[in-house]
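# Provide a 3D model corresponding to the input given below.
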Amino acid sequence: MKLPFKQASLVALLAMGVALPVGAQDIQYGVKFGGGAVVGAIGPQASRATMNAAFFAERPFGKTSEIFAEFNYRVYRSVDHEVTQFITGYNINGTTGAIIPATSVDIRKDNLDGYSLSVGYRQQIFDSVFWWHGGLSLNNLTSQQEVTGQLAPGVATTAGVNNTNREGLNFTPGKSSLRPGLFLGAQAKLTPNFFTEVNLTGVGYQWVNYVPYAYTGQPAHVETTNKFKVSIDINVGFRF
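The predicted structure follows:
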């Protein structure tokens, strides 16, 4: 996947900020991989699962502390779910009628993934392999909604219910947004080059949602809502 210019520029600046004060020989690099679960409401993804991978650079800040920077990719698992509103609906010809369950279905899949830049501080806990850490992040998450189905508001006639007026649903709106976040966690340095880590991570993003004509009587449109998602992750990592 090609890295957008904005994210690439931020990565370069962040790396320079870590490296220049002490010189390249003091920096250690590594990678980590992990997964976890969303804490609290699962939101439109309709799933708790999340996975992430990161490249990091760190340098000592005293004998028992260090500062670090990470470039992270995270994806939140999403599943198809039905959101059909069986309400009084609107036809394009101006008539109204109840949306018919037998011929109406509105299926959504709310994909959410993106990149993050994080900076943090890590401190050793007493004289042990355990360290606590915390920091801030800048997240560029993309919300993309897959919309499929059709809506058929019925119109009462002398012959029964006519639901020949149907609105097709086949859209994939998406939006990327740059939002701040934060994290707090702990790391166990099992060997000089191998560690495990747990983090509580919070990220902000803008959720996109397609609103069909049949639900409101207004032209179909895409709305955005600010949201915040918290997850707990378990990672394993390697230092080069």
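# what mean pLDDT would you report for the longest strand along the chain?
The strand that spans the most residues within the chain, counting by DSSP state E, is strand 130-151. Here strand 130-151 scores 96 as its mean pLDDT.
# residues of that strand that come out buried?
131, 133, 135, 137-147, 149-151 (16 or more other CB atoms under 10 Å). The C-beta positions use only the backbone N, C-alpha and C, and glycine is treated the same way.
# got it, and stretch 60-68?
For stretch 60-68, a neighbour-count test (16+ other CB under 10 Å) marks 66, 67, 68 as buried.
# could I get these as a markdown table with distance to residue 42, secondary structure and pLDDT?
What follows is those, written out as a markdown table (distance: CB to CB, whole Å; DSSP: H, G, I helix; E, B strand; the rest coil; pLDDT from 0 to 100):
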| residue | distance to residue 42 | secondary structure | pLDDT |
| --- | --- | --- | --- |
| 66 | 35 | strand | 94 |
| 67 | 34 | strand | 95 |
| 68 | 30 | strand | 96 |
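# ok, those vs residue 93, which is closest?
Taking CB to CB as the measure, residue 93 sits nearest to residue 68 out of the buried residues of stretch 60-68, at 61.2 Å.
# so which helix or strand takes in the residue lying closest to the closest one once chain neighbours are set aside?
Closest residue to residue 68 apart from its sequence neighbours, by CB to CB, 6 or more residues apart in numbering: residue 58 at 3.7 Å. Residue 58 belongs to strand 49-60 when assigned by DSSP states H and E.
# direction included, what does that strand pair against?
Using DSSP bridges, the strands paired with strand 49-60 are strand 28-39 (antiparallel), strand 65-76 (antiparallel).
# wait, which of these is closest to residue 230?
strand 28-39 (4.6 Å).
# buried stuff in that closest one?
30, 32, 34, 35, 36, 38.
# ok, now which ones touch residue 45?
38, 76, 77, 78, 79, 110, 111, 112 (CB atoms under 8 Å, 6 or more residues apart in numbering).
# roughly how far apart are it and residue 129?
Relative to residue 129, residue 45 is positioned 35 Å away (CB to CB, to the nearest Å).
# what residues sit buried inside the strand holding residue 58?
Here strand 49-60 shows 49, 50, 52, 54, 56, 57, 58, 59 as buried, counting by 16+ other CB under 10 Å.
# same deal with stretch 94-112?
97, 98, 99, 100, 104, 106, 108, 109, 110, 111, 112.
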